[in-house]
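K.L.:
coords please:
(chains A and B)
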Amino acid sequence: TQLLEQSPQFLSIQEGENLTVYCNSSSVFSSLQWYRQEPGEGPVLLVTVVTGGEVKKLKRLTFQFGDARKDSSLHITAAQPGDTGLYLCAGHNNAGNMLTFGGGTRLMVKP
Amino acid sequence: NAGVMQNPRHLVRRRGQEARLRCSPVKGHSHVYWYRQLPEEGLKFMVYLQKENIIDESGMPKERFSAEFPKEGPSILRIQQVVRGDSAAYFCASSRGAPDTQYFGPGTRLTVL
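P.N.:
So this is what the prediction gives:
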């Protein structure tokens, strides 16, 4: 069974601060996706990383896939209240049949 | 372009009743996945279907739960004789192929009284 551990589970910071969310596993994933979920809604895709060592940037968000494709991180620069939400990482198994989700990081950015 | 559509958005059932959850994938997507999210937990895979075929149902409870994706029409997740523990948000996702990026619907929130 492939497992993804996300940390931290909860994060409360002030506007303008930087933060990093981690997603770790002992298993190799063929690709890894980051989603953001608002209360009462479904997860919305932020990025997909496929290649070990890959770095992708989306405005103030930087995503990295570990060289061994077992871990990933999401770094947010100068967080804003609009970044508040639940961030989920999810890895594809080798067959691509399913996504294994981490437990999520609930971020609150205070103005 | 319409994304994944799910209905109903909210469903209330009494113990012992049946729940039917519908999912229409993104146009052009032939792969559908169902996930369940219990309160304060992450999403857990239930079943993966292609048109008229169940490909992987390793996450489905053995009893009372079934899923289909007919040639025409939406995918259906059916829960018979619901119990309180079935209360959760059920999300459908679709993709063009596998492995491929999965796009999620808004979910159906099932409450069992």
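
K.L.:
Show me which residues of chain A sit near chain B.
P.N.:
By CB under 8 Å from any CB of the partner chain, the residues of chain A that approach chain B are A:30-31, A:33, A:35, A:40-45, A:48, A:88, A:90, A:92, A:95-104. (Glycine included, C-beta is placed from N, CA and C.)

K.L.:
Buried among those? Make that a PyMOL selection.
P.N.:
Typed into PyMOL, the line below selects the buried ones among those, using 16 or more other CB atoms under 10 Å in any protein chain shown:
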select buried, chain A and resi 31+33+35+41+42+43+48+88+90+92+96+97+98+99+100+101+102+103+104
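
K.L.:
Now the closest residue to B:Gln17 other than its chain neighbours: which helix or strand?
P.N.:
Ranked by CB to CB, 6 or more residues apart in numbering or on different chains and with sequence neighbours excluded, the top spatial neighbour of B:Gln17 is B:Val82, at 5.8 Å. Per DSSP states H and E, B:Val82 falls between elements, in no helix or strand.

K.L.:
give the contact list for B:Val82.
P.N.:
Neighbouring residues of B:Val82 by CB atoms under 8 Å, 6 or more residues apart in numbering or on different chains: B:13-19, B:64, B:110, B:112.

K.L.:
With adjacent residues omitted, what lies nearest to residue 102?
P.N.:
By default, I'm working from chain A. A:Gln6 (3.5 Å).

K.L.:
I was after chain B.
P.N.:
With CB to CB, 6+ apart as the measure, B:Ala93 is the residue that lies nearest to B:Gln102, at 4.0 Å, once sequence neighbours are left out.

K.L.:
contacts for the helix or strand that contains the one you found?
P.N.:
In this structure, B:Ala93 is located in strand B:88-95 according to DSSP H and E. Outside strand B:88-95, the residues that touch it by CB under 8 Å, 6+ apart are A:42-43, A:99, B:4, B:6, B:21, B:23, B:25-26, B:29, B:31-39, B:43, B:75, B:77, B:101-105, B:107-110.
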